[in-house]
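# Here is the input, now give the coordinates:
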Amino acid sequence: MMANSPSILMRRAPVELWMCDGLDNLLFHEIKNIPDHSTTSSASGRIMASTEYFRMERIMNNQSTAVHSPGQRCPWCGDDPLYMAYHDTEWGVPQHDDRILFEFLLLEGAQAGLSWITVLRKRENYRLAFAGFEAQRIATFGDAEAAGLLTNPGIIRNRAKIAAAIGNARSYLAVQDQFGSFDRYLWQFVDGVPVQNTWQHPCEVPAQTSLAVQLSRDLHQRGFKFVGPTICYAFMQAVGLVNDHLSTCSRHAALSGPSTGRAASR
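Next comes the predicted model:
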C-alpha cells in the first residue's frame, strides 16, 4: 500500500475498523452502537454502511501514529483488560480442539456487523445459551429453543444469526463425520502449519485473503451461513491458522514457527 494512498480496511476480529491515511498517520476507530439486527458488507477493503448504524470514534489519539516497539502488544486491544487477556492468551494460538473451533466459528458469525469486544463481553452468556458450544446438542435445537434464544438478553438477538448457529452445528457434525474431525478438515487449508506473516503496521493486515475466500466457499457449499471471506479470515486469525500479530508484538515471536510458504495476504 502506498503511503500517500488513503484506504479503509475492514476486519472482523479483533480490529473492527482501521482508517489509514498513509503509514505515518493511523487512526483507529471502533464501530459502536449497532443494533443487533444490523448487517454490513465490504468490497475492496472499503466500508459501505449507513450512518444510521455506524458511528466512528477516534480512541487511540497520539498513540496510533508509529510502528510499535518490540515487546508491546498489537495496538488493537488498547488497555481493556478483557481484550488484553484475549490477545495474550488466545488470539492466534493454533487450536485443534473441535469444541473450541466450533465456539470461535459461532462467535465470529455472531459478531457480523458488530465489534469483537461486544461479542467477548457476551461470551459466557453464549456459553450458557448454546449448551457449552457443544455442536451435538445445538444441532438438536428446534423452534422452541430458537424462540427462547430470541428472548435471551445476554446474547445478540438476531434471528438470522441464531438460525445460522443451529444450522452450522448440523453442518459441523457432517464435516466431522466426513473428515473424522473438524480440526482435520480446517487445517488442510494451510497444510497443517500456521502461515507466518510479518506485518510491521496495522494497515498492512488484510481484511481477507484468497485462502479465506477458498475456505468461505467450501463452508458455504457445506451449508454453513455467516461464513463470508472476512469472517473466515478473522476465524483463521483467532484459531491460529495465520499468525497476524505484528512483528513488533511479543506474541508474534511466541507463536512463530515454520511457514507454509503460502502468504496469507495472497
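
# how far away is Ala129 from Leu107?
12 Å (CB to CB, to the nearest Å). C-betas here are computed from N, CA, C, even on glycine.

# Can you show me the strands along the stretch 1-150 of the chain?
Under the criterion DSSP state E, counting those that start in this stretch, strands of the stretch 1-150 of the chain are mapped to 7-10, 17-20, 26-32, 41-43, 46-48, 55-58.

# what packs against the helix ranked longest in the chain?
Secondary structure of the chain per DSSP state H: the longest helix is helix 159-179. Applying 3 or more CB pairs under 8 Å, 6 or more residues apart in numbering; DSSP states H and E, we find helix 159-179 packed against helix 98-111, helix 135-138, helix 143-150, helix 182-187.

# go again using 10 Å as the cut-off
Packing contacts for helix 159-179, counted by 3 or more CB pairs under 10 Å, 6 or more residues apart in numbering; DSSP states H and E, involve helix 98-111, helix 123-129, helix 135-138, helix 143-150, helix 182-187, helix 210-221.

# Could you pull out the buried residues of stretch 76-96?
By 16 or more other CB atoms under 10 Å, the buried positions in stretch 76-96 come out as 76-77, 83, 86-87, 91-93, 95.

# nearest to Arg159, of the residues you listed?
Proximity of the buried residues of stretch 76-96 to Arg159 (CB to CB) peaks at Tyr86, which lies at 27.6 Å.

# Distance-wise, check that closest one relative to Ile117.
For Tyr86, the distance to Ile117 - CB to CB - is 9 Å.

# just Arg159 next, same as before
Distance of Arg159 to Ile117, given as CB to CB: 23 Å.

# picking that back up, out of the helices and strands packed on helix 159-179, which is the most enclosed?
Of all those, helix 98-111 has the most neighbours on average by mean count of other CB atoms under 10 Å, namely a mean of 22.

# Output that one as PDB, nothing but the C-alphas.
What follows is helix 98-111, C-alpha atoms only, in PDB (Å, rounded to 0.1, in the frame of the first residue of the first chain):
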ATOM      1  CA  ASP A  98     -13.100 -29.400  17.800                       C
ATOM      2  CA  ARG A  99     -15.300 -27.900  20.500                       C
ATOM      3  CA  ILE A 100     -13.300 -24.700  20.800                       C
ATOM      4  CA  LEU A 101     -13.100 -24.400  17.000                       C
ATOM      5  CA  PHE A 102     -16.900 -24.500  16.800                       C
ATOM      6  CA  GLU A 103     -17.000 -22.000  19.600                       C
ATOM      7  CA  PHE A 104     -15.000 -19.500  17.600                       C
ATOM      8  CA  LEU A 105     -16.900 -20.200  14.400                       C
ATOM      9  CA  LEU A 106     -20.200 -19.500  16.200                       C
ATOM     10  CA  LEU A 107     -18.900 -16.300  17.900                       C
ATOM     11  CA  GLU A 108     -17.400 -15.000  14.700                       C
ATOM     12  CA  GLY A 109     -20.700 -15.400  13.000                       C
ATOM     13  CA  ALA A 110     -22.500 -13.700  15.900                       C
ATOM     14  CA  GLN A 111     -20.100 -10.700  15.500                       C
END
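
# now that helix: mean pLDDT?
Taken as a whole, helix 98-111 has a mean pLDDT of 97.

# Tell me which other helices or strands it touches.
Secondary-structure packing of helix 98-111 (3+ CB pairs under 10 Å, 6+ apart): helix 116-121, helix 123-129, helix 135-138, helix 159-179, helix 182-187, helix 229-238.
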